[in-house]
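K.L.:
need a structure here:
(2 chains)
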Amino acid sequence: MEVRSDEKKLKLQVKCEKISELRTQHSELLCLMENIKKTYRIGDEDVEALKGINLQIERGEFVAIMGISGSGKTTLMNLIGCLDVPTSGRYILNGKEVSNLSDDELSVVRNELIGFVFQNFYLMPYATVLENVMLPTIYLDRTTNDVEDMAMEVLRMVGLEDRAKFKPKQLSGGQMQRVAIARALINGPELILADEPTGQLDSKTAKEIMDILAKMNESGRNIIVVTHDQNIASYAKRVIRISDGLITDESLN
Amino acid sequence: MRRVILNLRIAVRSLYNFKLRTSLAVLGVFLGAFSLIVVSNLSESLAKKTEVEVETLGKNLLIVRSGIVRKVGTQTRLLSEATNLTIADAEAIMDRSPYINEITPAGNRPFPVRYGNITLTSVLAVGTTPNFTEVRNFHVKEGSFFRDEDNKNLERVVVLGSRVSEKLFGDKNPIGEYIYIYRVPCQVIGIMESKGVDISGVDQDNKLFMPLNTYLRRFVNKEFINNIYVQVLREEFISNTKKAIEELLRKRHKIKEGQKDDFTVIDLKDVMALKTQAMSTIAVLGRISSVVSFTIGGLGILSIMILIVNERRVEIGIRRAVGSRKRDIILQFLMEASFISLTGGMVGVVMGFIASVIISKLSELPFTVSPMGFVISFFASVTVGILAGIYPSKRATTIQPVDIIRT
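P.N.:
Numbers count the residues shown, from 1 in each chain, chains lettered A, B, ... in the order given. A predicted model of the protein is given here:
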């Protein structure tokens, strides 16, 4: 008995140490990228889109990733959003290594941890606003009772609760993007990843959208915006510039 | 379940964009289910009708006929008469087989019949035993049938077929009246119920019935009879009993191996089967056409699903981005395909049901529902949908979110 309980204690201790080690390493970090490289094969040629990215994003941040087209910012966004895996390097998201996950495992990570907002909104035109918002819940493993209530809740957060039964084409661009934000929010993600969220919008509507994102950040959500627009980047607390596959500059706003 | 419903709701909305094409695609499945239901309901109706008809001729009945009978189409025709089937044969059959309930020997021959100044030149007189009514399921409507004593005492009593009675007496009550058969006066003691034309095409109502012994001694003065009606105890013994009777009679009639029989044993089920053969050919054709329709339906659904997958590339990419795994996509499109197919199939089932009600009304068949038809239609529709959905859904999984964003 003595021996066994000692063994148990030891195991427990080791486990605790491991957990606390992980905590001290990553707990405040949402994203940790170490020497991330990504190579595409186009025809017979290898094109290195990312040439060794080192990046740390802490919890509660509002980060803008800036770069001209061809700089590798789209590739970086795909990797951060777990839409793709790096050729080499380590990526830890929310305390979990995701650089070597399979296609299906990445799907689960995206479903639970990441909410996407795209430049072109990408709403299903034939489905209602409410159905569009509920889409990510179809793939949620944990069973939630009242998805419709939750969808109405996030629609309220973006101020569109009275448009639930509308079709996307009955909405303005800004409203469509707000629906997309609601869809990004519904599974309660750790990270909202917005790819040129205002690219299709006029400056007044763009401001509205960015205000919503800023408000989300104030209430504790992590937000990464990928953009080439300085005005949009100015909403973020930190701006990361990327050029030719490498991070060239970081600045705090 | 909630997810399935949400997915289907979205699918139905997207299909709404291709109303015409979708309905054309499911036309095959619709027709497949339709013809399957119609055919299986009708076959069931025919089987039931056959059973009812055979039952009206006499339950579990075998008919031994003297001479050789050939079936021509739906009718049986006597090719050659033999003169060696006797009452002794009938008794031997009864003694031999434990599976026989009753036997009724019968002889018949046409005679002129006269009442007052009305003469019928040729009425088939049937001499038989009193159990005829039970064995042939053919009963007396008015008066009574003759009894065993009448048979034993060669009484000159007759029971008229309803048409004979009508022709001779009109509205008058014939019971107790005397009619002349050939030159013999006989007393009418009963009238048979109306039965119509039997399976061999003979009008059952244009006959008259008298005791067998009266018929043999007083009218034909012969020892041989024409028919022995055999009532078998239970349906499953019929074919064995038929064989046993054939064997016995060959032995009694001293027919050697290789020689032709001088009698025929008829199983009425066989005769009926012949009658319904034409209909069962239609049933087979119907089944073939339903298989063909289901196949065409499958191809239709295959093409509409490929179209749908192409039209919904963005949706698939977004679904992948927000967390659907490849198998979720496969499942979704398999479900959509089988849903489309099942919808078409169920509409086909309903229409087939209505059509078979109408057909059975028009053709005076008893309406029957074949549960098998429903079960097969259901599973065939779902299976066709799933099979047709495999390739398109595999194609859908090749779409990655990185392909569709930032185009």
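K.L.:
do you know how far residue A:242 is from residue A:55?
P.N.:
Noted for residue A:242: a distance of 10 Å to residue A:55, by CB to CB, to the nearest Å. For the C-beta atoms, the positions are set from N, CA and C on the backbone; glycine is no exception.
K.L.:
Those two: who's more crowded?
P.N.:
It is residue A:242, of residue A:242 and residue A:55, that has more neighbours when counted by other CB atoms under 10 Å in any protein chain shown, with 23 against 19.
K.L.:
residues from chain B in reach of chain A?
P.N.:
Proximity of chain B to chain A is confined to B:2-3, B:6-7, B:9-10, B:13-14, B:16-17, B:314-315, B:317-328, B:400-402, B:404-406 under the rule CB under 8 Å from any CB of the partner chain.
K.L.:
Pull out the buried residues from the residues you listed.
P.N.:
Buried residues within these, counting neighbours by 16 or more other CB atoms under 10 Å in any protein chain shown: B:3, B:6-7, B:10, B:13-14, B:314-315, B:317-326, B:328, B:400-402, B:404-406.
K.L.:
Now, these that are in helices?
P.N.:
Applying DSSP state H to these, the entries found in helices are B:3, B:6-7, B:10, B:13-14, B:314-315, B:317-321, B:326, B:328, B:401-402, B:404.
K.L.:
Can you check which residues contact both of residue A:242 and residue A:55?
P.N.:
In terms of CB atoms under 8 Å, 6 or more residues apart in numbering or on different chains, residue A:242 and residue A:55 are not both contacted by any residue.
K.L.:
helix, strand or coil for residue A:35?
P.N.:
Under the three-state scheme (DSSP: H, G, I helix; E, B strand; the rest coil), residue A:35 adopts strand.
K.L.:
What is the burial count for residue A:58?
P.N.:
14.
K.L.:
which residues touch it?
P.N.:
A:28-30.
K.L.:
what about the helices in chain B?
P.N.:
Using DSSP H, helices in chain B cover B:2-15, B:19-57, B:87-96, B:132-135, B:148-152, B:162-169, B:212-214, B:238-252, B:268-311, B:313-321, B:326-362, B:371-397, B:401-404.
K.L.:
picking up where we left off before, Serialize the contacts of residue A:58 to CSV and add fields for secondary structure and distance to chain B.
P.N.:
Shown next, in CSV, are these (DSSP: H, G, I helix; E, B strand; the rest coil; distance: CB to the nearest CB, whole Å):
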residue, secondary structure, distance to chain B
A:28, coil, 26
A:29, strand, 23
A:30, strand, 18
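K.L.:
Identify the spatial nearest neighbour of the residue in the stretch 251-400 of chain B that chain A sits nearest to, chain neighbours not counted.
P.N.:
Nearest residue of the stretch 251-400 of chain B to chain A, counting by CB to the nearest CB: residue B:323, 2.3 Å away. Nearest residue to residue B:323, sequence neighbours excluded (CB to CB, 6 or more residues apart in numbering or on different chains): residue A:111, at 2.3 Å.
K.L.:
Compute the number of surrounding residues for that neighbour.
P.N.:
24.
K.L.:
could you dump the helices of chain B to TSV with mean pLDDT?
P.N.:
Output for the helices of chain B, formatted as TSV (pLDDT from 0 to 100):
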stretch	mean pLDDT
helix B:2-15	82
helix B:19-57	85
helix B:87-96	88
helix B:132-135	90
helix B:148-152	92
helix B:162-169	91
helix B:212-214	93
helix B:238-252	89
helix B:268-311	84
helix B:313-321	92
helix B:326-362	92
helix B:371-397	93
helix B:401-404	87
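K.L.:
deepest of these, which one?
P.N.:
helix B:313-321 (a mean of 23; mean count of other CB atoms under 10 Å in any protein chain shown).
K.L.:
Give me the helices and strands touching that one, please.
P.N.:
Applying 3 or more CB pairs under 8 Å, 6 or more residues apart in numbering or on different chains; DSSP states H and E, we find helix B:313-321 packed against helix B:326-362, helix B:401-404.
K.L.:
how about the residues of chain A near chain B?
P.N.:
Near chain B, when you scan chain A using CB under 8 Å from any CB, you find A:74, A:78, A:81, A:83-84, A:103-104, A:107-108, A:110-112, A:116, A:118-120, A:122, A:124, A:126-127, A:131, A:134-140, A:147, A:183, A:187, A:195.
K.L.:
ok, of those, which come out buried?
P.N.:
Here, 16+ other CB under 10 Å leaves A:74, A:78, A:81, A:83-84, A:107-108, A:110-112, A:116, A:118-120, A:122, A:124, A:126-127, A:131, A:134-140, A:147, A:183, A:187, A:195 buried among those.
K.L.:
what's the spacing between the most centrally placed residue in chain B and residue B:348?
P.N.:
Chain B has residue B:47 as the residue nearest its centroid, 2.6 Å off, counting by CA atoms, centre = their mean. As judged by CB to CB, residue B:47 and residue B:348 stand 23 Å apart.
K.L.:
mind checking the backbone torsions on the residue of the stretch 51-200 of chain A found nearest chain B?
P.N.:
Nearest residue of the stretch 51-200 of chain A to chain B, counting by CB to the nearest CB: residue A:111, 2.3 Å away. In terms of degrees, to the nearest 10, the main-chain angles of residue A:111 are phi -60, psi -40.
K.L.:
List the contacts of it.
P.N.:
So residue A:111 contacts A:136, A:139-141, A:187, B:322-324 (CB under 8 Å, 6+ apart).
K.L.:
Now with 10 Å, please.
P.N.:
A:82, A:136-141, A:187, A:189, B:321-325, B:328 (CB atoms under 10 Å, 6 or more residues apart in numbering or on different chains).
K.L.:
next one: residue A:132
P.N.:
A:121-126, A:151, A:164, A:167-168, A:176, A:179-180, A:182-183, B:10, B:315, B:318.
K.L.:
In helices only, show me the residues of chain A next to chain B.
P.N.:
Short answer: the residues of chain A next to chain B in helices (DSSP H) are A:74, A:78, A:103-104, A:107-108, A:110-112, A:131, A:134, A:147, A:183.
K.L.:
among those residues, which two are most distant?
P.N.:
The distance between the two most remote of those (CB to CB) is 31.7 Å, for A:74 and A:147.
K.L.:
Would you quantify the distance from residue A:107 to residue A:119?
P.N.:
22 Å.
K.L.:
Tell me who's in contact with residue 103.
P.N.:
Assuming you mean chain A. A:85, B:320, B:325-326, B:397, B:400.
K.L.:
oops, chain B please
P.N.:
B:62, B:64, B:87, B:89-95, B:97, B:129, B:131, B:135, B:228-231, B:245.
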